[in-house]
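> output the structure for:
(chains A, B, C and D, ligands or ions: 2)
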Amino acid sequence: MSELEDLYQEIILDHYRSPRNRAPGLAGEDAHVHHSNPLCGDEMDLRVRIRDGVLDGLAFDGEGCSISQASASAMSVAVLGRPVDDVLELVEQFRLMMHGEAPDRADDLGDGMVFEGVARFPVRVKCALLGWMALRDAVDTFRRGEEANDVTHEGDHE
Amino acid sequence: MSELEDLYQEIILDHYRSPRNRAPGLAGEDAHVHHSNPLCGDEMDLRVRIRDGVLDGLAFDGEGCSISQASASAMSVAVLGRPVDDVLELVEQFRLMMHGEAPDRADDLGDGMVFEGVARFPVRVKCALLGWMALRDAVDTFRRGEEANDVTHEGDHE
Amino acid sequence: MTFDVATLRKEFPTLQREVGGRRLVYLDSAATSQTPEVVLAAMERYYRYSRSNVHRGVYRLAEEATDAYEGARTAIARLVGADPRGVVFTKNATEACNLIAYGWVRRQLGPGDALLCTVMEHHANMVPFQHAAQDRGFEMRYVPVTEDGQLDLDAAAQLVADGRVRFAAFTHVSNMLGTINDVPRIAALVRAANPDAIVHVDGTQAVPHLPVDLAALGADSYALTGHKMFGPTGIGALVADPALLERMEPFLTGGDMIRDVTLAGATWNDVPHRFEAGTPPIAEAAGLAAAVTFLEELGTERVRAHEVALGETFLAALRATDGVEVHGPHDMAQRGGAISFSLEGVHPHDVGAVLDDRGVCVRVGHHCCKPLMREMGVNATVRASLHVYNDEDDLEPLLEGLSAARRMFAGSGRA
Amino acid sequence: MTFDVATLRKEFPTLQREVGGRRLVYLDSAATSQTPEVVLAAMERYYRYSRSNVHRGVYRLAEEATDAYEGARTAIARLVGADPRGVVFTKNATEACNLIAYGWVRRQLGPGDALLCTVMEHHANMVPFQHAAQDRGFEMRYVPVTEDGQLDLDAAAQLVADGRVRFAAFTHVSNMLGTINDVPRIAALVRAANPDAIVHVDGTQAVPHLPVDLAALGADSYALTGHKMFGPTGIGALVADPALLERMEPFLTGGDMIRDVTLAGATWNDVPHRFEAGTPPIAEAAGLAAAVTFLEELGTERVRAHEVALGETFLAALRATDGVEVHGPHDMAQRGGAISFSLEGVHPHDVGAVLDDRGVCVRVGHHCCKPLMREMGVNATVRASLHVYNDEDDLEPLLEGLSAARRMFAGSGRA
Ligand SMILES: Cc1ncc(COP(=O)(O)O)c(C=O)c1O
Ligand SMILES: Cc1ncc(COP(=O)(O)O)c(C=O)c1O
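Numbers count the residues shown, from 1 in each chain, chains lettered A, B, ... in the order given. Ligands and ions are numbered 1, 2, ... in the order given. The predicted structure is shown next:
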């Protein structure tokens, strides 16, 4: 069962069982996106609050497999409190990692690093990315000046 | 070359080279049908004159391979002067022969019998049948009371 | 067991595979079946011996190819009790449903008309009609599903009562719930309200598993797909009453389906050729004909009997497993061998991954039945589906995987 | 000779066949090409090792199948210089032409608009647009063909002059005349009159024989078919600018092409998936990817060079043969290796039969180009078409057969 244990490391299971920043709403939310992965039936609501260019608040909610939920939880810890440009850079680092590239900023990705092994499971890559892609989209949405926006995004083929 | 000689017997080539009752028109024509075999590009115009229930005149014209032209020529000799019911019976005998059944009225089919071997060449069966199917259709057309009718008929899948 | 499954399995190359040192346990035949050697051999025969195009060739290879292709038409007609002139080959069941949606529904239905569909349809038998309804302005009506996964026929009777339903589309067997619908009864109910209504049935999940006789079913048109019935990918069929095909407008147009073409327009070939534009799936037809023979030699009655017996074993074991909730009817008399279930506290995706690690192949997700899933209040399920090469040996690895999954994700307190 | 043809031939199983004691001489590649061992092996690998459905599986087999399928998309994109997101798999080239006819033409063109087609089109690239024109009330305009089998570009310029042509459909290489059209020039001419016009090219007869680069051609959309390019039956593609695909309405609807479905309607998946409804041709895609690699390893430049050299030999010999009239351009610089001709005094069907008896496979008939045939005043022609496995050894059996046919039907005094 070593392959499987590789996929489901203890840290991942922990984030799944005790998700951080999982909530159905966010006080003072600036943007809200809804992402779904139609092929797995995963759904994610992600809300962000941005103050003076810093990601000040984040809440995710939804239904999905352990990988998608744990990844969003680990992400929330890694990105909260960072300038949004920095957040976008981390998102990109994570995305590339899912395509097999070793990230430069491993430390900053925090628990996000434990998803490195997911790259070897192509069908699960989209699960791991769901929250990160939603976050990128939420920032974009905010930047487009759409304060309270609702975007449905295809999570399958990023 | 025996298979091929089987297909192209001397009598067939003779009908092809010197077709009987091939003409672009028919005096006193009662019905005129146009049949085509879209898959080979064969075209046939067939005209009949029917008097007192007897096939009194027939002319065919068109373009097609040696089998279709020779078969129509041999047919014209076999059927001219016969009561139309008898004509239809011969048409059916020929059709069944093309599907491998030995005909009861071999003598009455006349030169039509030399096409018996065509049954072994599935793609050529529709060529051999073209004139006969046109004739059946011409009689039907006449019987429907459509004196001068022009019917386009699919020759491929009889 | 009705078959000697161990022997039968040898016919299926992929089933000989090992995954991580374990025997492959294939429980995903509702997505696609395995392919037996005889089907592969029939395709090879075409590619290695008669490789050519059909219909228009005057040489031997082309005749052989045409015979193989047209032989598949006869085979399908024989299998479902239809006229070969009513068998139109498509690329899959989805195209078959689209064919009738474009060829009949879009040409016939408009404002004031209604189309009867059901909540349990696969997207293939729903979206083409929704799309047509949007463009043509007719009304979609959906037969609801009862608690126990059956079509609500009382509701159906009310939905057709005003006589405006001119077309009904529903599945013979549900790919998600397993439910076998009472096709003759629904067809009768539709026609009682409107004798001219066309009844289109999605037979995709039925043909591989049950004896099918179109006349007895009372279906005007019936969709099937090759890859779920031991056949190759790339081929399906719409089997319809030739008289209905005669009344349909061509859909895909181009070569082979025409009688004549001028710059001013085209006239159409006879049915069924009118609906087969371009080079058809020739190798696939050769393979499908072999698949039909394979199914006939097994005997569709025996296939069904095997599935009922094995399905009972699986259903009983799953229902007795802690945390498992089986969706759809629980009585095999009313259902086929596609068994959907939820495992408490574990997302289906995670169940699938744990099972995959043990060489057990199941499908997880919405099974292309999103409206049904929404109705049932689930986002995704696990589906284990059976076929002739499955037997009781396949149950234990499934159950062990489920309990491993529960252990692994225990304590999450979430579904 | 650019290739060692004798060695290459060994890769093609059907070419090893004998007919009536003679070596098979296959001169019908414009109808369908032979299939090399590597393509059959790729399909076997799928059927024997990874048999499963794509996209929705979480288990290994399904991942392998998905990789094989998506790998074909990358391969096709690479071959014709396109974005993989612009590659839509269809069942054949005919469906590819219908896809753009339904997805764009029928949604965009109406009364007052015009569509530019040509007299030399295969029915596949003409009838779908005629059919749309009938339903939608736009005008069809046809570029005529000159005496020597070329498109009349002066006439084309006049046909587009009023700026009402919003869509142009024409072939890259004619399957009947062999003519290679000057795609960039026609595309430029169309766009000069209407910068927003969409240029759709039928590349069916080009991709197997020439280097193709969509950007250089200036085509917005391009149709191809697997079975003529060493690939299997049952697969083709529309390769288009992804931005054009984005603007197209879905055509076939059902599973996989949706983002979400409710009873009220569906939303669509991203391109290209939006246009691929239902289970795709998986084994066929695996085979097609291998066919692309095979073609790339031969080198499309070398394939073209081989065909030019061999075509010159065939053309010269045929033109020197008594009673033979070759249709289409006589200069290989302007044409491909599909050579249509008439034999004086002998109907093409009879020519085909005499050749078949000698193991020579040619196509006879209208080649799905009825309007062109009518224009040329012929009902049917004989077509000998070349590919990489042909060489000069194939010429003699053809010529001998033609002279046998003339001897046999001599004296009939009719054509
Ligand atoms: C030029 C051309 N276009 C389109 C087609 C249609 O291809 P398919 O039959 O694979 O759909 C053909 C082949 O017959 C062709 O030669
Ligand atoms: C009930 C049902 N209908 C239609 C389909 C579509 O079949 P295909 O994907 O072969 O078009 C499926 C299979 O996915 C199905 O289960």
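
> gap between C:Pro195 and chain D?
27 Å (Cβ to the nearest Cβ, to the nearest Å). Just so you know, the C-beta spots here come from the backbone N, C-alpha and C atoms, and that holds for glycine as well.

> hmm, C:Asp394 is touching C:Leu27, no?
Yes: here C:Asp394 reaches C:Leu27: they are 6.4 Å apart, a contact under Cβ atoms under 8 Å.

> give the residues shared as contacts by those two.
C:Val360 (Cβ atoms under 8 Å, 6 or more residues apart in numbering or on different chains).

> these two: which has the busier surroundings?
It is C:Leu27, of C:Asp394 and C:Leu27, that has more neighbours when counted by other Cβ atoms under 10 Å in any protein chain shown, with 27 against 21.

> which residues does the more buried one contact?
Contacts of C:Leu27 were listed using Cβ under 8 Å, 6+ apart, and they are C:Val360, C:Cys361, C:Val362, C:Ala384, C:Ser385, C:Leu386, C:Asn390, C:Asp394, C:Leu398.

> pull the number of nearby residues for the first one.
Here the neighbour count serves as a burial measure; for C:Val360 (other Cβ under 10 Å) it reads 27.

> one more: the second one?
Residues within reach of C:Cys361, counting by other Cβ under 10 Å, total 25.

> the helix of greatest length in chain A near chain C anywhere?
The longest helix of chain A (DSSP state H) is helix A:122-143. Yes: using Cβ under 8 Å from any Cβ of the partner chain, helix A:122-143 reaches chain C at A:Arg124, A:Cys127.

> tell me what that helix is packed against?
In terms of contacts (3 or more Cβ pairs under 8 Å, 6 or more residues apart in numbering or on different chains; DSSP states H and E), helix A:122-143 is packed against strand A:31-37, strand A:42-51, strand A:54-63, helix A:66-79, helix A:84-98, strand A:152-154, helix C:348-357, helix D:60-80.

> now for the host helix or strand of A:His15, which elements pack on it?
Take DSSP states H and E as the rule and A:His15 turns out to sit in helix A:10-17. Contacts defined by 3+ Cβ pairs under 8 Å, 6+ apart place helix A:10-17 against helix A:66-79, helix C:395-409.

> run through the residues that contact C:Ser221.
By Cβ under 8 Å, 6+ apart, the neighbours of C:Ser221 are C:Ile100, C:Ile198, C:Val199, C:His200, C:Val201, C:Leu238, C:Val239, C:Ala240, C:Asp241, C:Leu244.

> ok, and what's touching the helix holding A:His15?
In contact with helix A:10-17 (Cβ under 8 Å, 6+ apart) are residues A:66-67, A:69-71, A:73-74, A:111, A:114-115, C:408-409, C:411-413.

> now which of those would you call buried?
By neighbour count, with 16 or more other Cβ atoms under 10 Å in any protein chain shown, the contacts of helix A:10-17 hold A:66-67, A:69-71, A:73-74, A:111, A:114-115, C:408-409, C:412 as buried.

> what residues does the stretch 151-300 of chain C have near ligand 1?
With Cβ under 6 Å from any ligand atom as the criterion, the stretch 151-300 of chain C comes near ligand 1 at residues C:Gly255, C:Gly278, C:Thr279.

> how much space separates the second one from D:Ala96?
Separation of C:Gly278 from D:Ala96 (Cβ to Cβ, to the nearest Å) stands at 9 Å.

> ok, the last one next?
Per Cβ to Cβ, C:Thr279 is found 12 Å from D:Ala96.

> which one's more surrounded, those two?
Neighbour count, other Cβ under 10 Å: between C:Thr279 and D:Ala96, D:Ala96 has more, with 33 against 27.

> I'd say that one and D:Ala237 touch.
Yes: with contact defined as Cβ under 8 Å, D:Ala96 counts as touching D:Ala237 (6.2 Å).

> where in chain A is pLDDT low?
Where chain A drops to pLDDT under 70, the residues are A:1-2, A:38-40, A:147-158.

> and the strands in the stretch 201-350 of chain C, which stretches?
Here the stretch 201-350 of chain C has its strands, by DSSP state E, counting those that start in this stretch, at C:221-225, C:236-240, C:258-262, C:265-268, C:324-326, C:338-343.

> the last one close to chain D?
Yep, that's strand C:338-343 we're talking about. No: shown here: strand C:338-343 not in contact with chain D (Cβ under 8 Å from any Cβ), separated by at least 13.5 Å.

> can you give me the domain assignment for chain C?
C:5-30+C:299-409, C:40-296 (automatic domain parsing).

> can you give me the first-to-last residue distance of the shortest one?
Taking Cα to Cα, to the nearest Å, the first and last residues of domain C:5-30+C:299-409 lie 34 Å apart.

> got it, and stretch C:51-69?
Across stretch C:51-69, first to last residue, Cα to Cα, it's 12 Å.

> report whether that stretch contacts ligand 1.
No: using Cβ under 6 Å from any ligand atom, stretch C:51-69 never reaches ligand 1; the gap is at least 7.6 Å.

> okay, buried residues for that stretch please.
For stretch C:51-69, by 16+ other Cβ under 10 Å, it's C:51-66, C:68-69.

> swap in stretch A:86-93?
Buried residues in stretch A:86-93 (16+ other Cβ under 10 Å): A:Asp86, A:Val87, A:Leu88, A:Leu90, A:Val91, A:Gln93.

> quick one: C:Arg166 is in a strand?
Yes: assessed with DSSP: H, G, I helix; E, B strand; the rest coil, C:Arg166 lies in a strand.

> hmm, it is touching C:Gly110, no?
No: using Cβ under 8 Å, C:Arg166 makes no contact with C:Gly110, being 9.7 Å away.

> who has more neighbours out of the two?
Taking neighbours as other Cβ under 10 Å, C:Arg166 and C:Gly110 compare with C:Arg166 leading, 21 against 12.

> what's the nearest residue to C:Ala169 if we skip its chain neighbours?
Nearest residue to C:Ala169, sequence neighbours excluded (Cβ to Cβ, 6 or more residues apart in numbering or on different chains): C:His200, at 4.6 Å.

> got a list of what the one you found touches?
By Cβ under 8 Å, 6+ apart, the neighbours of C:His200 are C:Cys97, C:Ile100, C:Asn125, C:Phe167, C:Ala168, C:Ala169, C:Phe170, C:Ala219, C:Asp220, C:Ser221, C:Tyr222, C:Ala223.
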